[in-house]
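1. Starting from these lines, generate the structure:
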Amino acid sequence: MGTSDNAIKYHIANIGSKLGVSGLAALRQWPGYPLDSPLARRSPTMTASTADATAPTTSVVGPLGQVSLFARDVARTERFYRDTLGLPHIFTFGELAFFDCGGVRLYVHCVPDAEWRASSILYFRVADIDATVKTLGAAGIAFVGQPHRIHRDEATGDEEWMAFFEDPDRNMLALMSRVHAPAAGDGEP
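-> Residues are numbered from 1 along each chain as shown. The predicted model follows:
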């Protein structure tokens, strides 16, 4: 890949020191369980009740490890994702900032305006979408519409709800929540 052995060793040591681990073997085990363990194969926030019953039991690929976005200003990016959204900040190296999204690493690469482009939508799973919208709204986040139902599972009564918003660089983000449908006459969540 055109990277020297010394550069790789430097970055491994730097990342290890930021995460509080020493050496490549310990880094491979981070955040505390081996990548090939059953715990690593599912999201730490995923429970049996939220797993898709139609999902295959074996996978060709491993769990999602990292997603990336482009941004324009690293300090503003850190403040938004760490302070406003409350994501644990893993480390920043130059124009690269990393955050933990429940076991999936968010990699934000700050680039000049000419190189910036919109990225994929990140969907954050939340337990109570209305309360989260209220909390983030109080922090100054403007939502693109109110939370709305995306899907209703007729067999279980469970519903998928979403609400969309943008980060300071206009990357689209979303909240998603799976809730049990209200009883007749109770109204929508």
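2. going forward, measure contacts between C-alpha atoms and count neighbours the same way
-> Will do.
3. Can you show me the helices along the protein?
-> 5-19, 24-29, 74-78, 129-138 (DSSP state H).
4. Hmm, Gly65 is touching Gly102, no?
-> No - counting by C-alpha atoms under 8 Å, Gly65 stays clear of Gly102, with 10.4 Å between them.
5. Give me the average confidence score over stretch 66-75.
-> Across stretch 66-75, pLDDT averages out at 94.
6. Just the C-alphas of that stretch, formatted as PDB.
-> Coordinates of each C-alpha in stretch 66-75 appear next as PDB, following Å, rounded to 0.1, in the frame of the first residue of the first chain:
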ATOM      1  CA  GLN A  66     -16.200   1.200  10.900                       C
ATOM      2  CA  VAL A  67     -18.200   3.800   8.900                       C
ATOM      3  CA  SER A  68     -16.800   7.000   7.500                       C
ATOM      4  CA  LEU A  69     -17.900  10.600   6.800                       C
ATOM      5  CA  PHE A  70     -16.300  13.600   5.300                       C
ATOM      6  CA  ALA A  71     -16.300  16.900   7.300                       C
ATOM      7  CA  ARG A  72     -14.600  20.300   7.000                       C
ATOM      8  CA  ASP A  73     -13.400  21.200  10.500                       C
ATOM      9  CA  VAL A  74     -12.000  18.700  12.900                       C
ATOM     10  CA  ALA A  75     -12.600  20.700  16.100                       C
END
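7. Next, the buried residues of that stretch.
-> Using 16 or more other C-alpha atoms under 10 Å as the test for burial, stretch 66-75 gives Leu69, Phe70, Ala71, Arg72, Asp73, Val74.
8. Could you dump those into TSV and include distance to Glu166?
-> Shown next, in TSV, are those (distance: C-alpha to C-alpha, whole Å):
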residue	distance to Glu166
Leu69	12
Phe70	13
Ala71	12
Arg72	14
Asp73	15
Val74	16
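9. Out of those residues, flag the one nearest to Leu175.
-> Nearest to Leu175 out of the buried residues of stretch 66-75 is Leu69 (C-alpha to C-alpha; 16.8 Å).
10. contacting residues for that closest one?
-> By C-alpha atoms under 8 Å, 6 or more residues apart in numbering, the contact list for Leu69 reads Leu106, Tyr107, Val108, His109, Ala118, Ser119, Ser120, Asn171.
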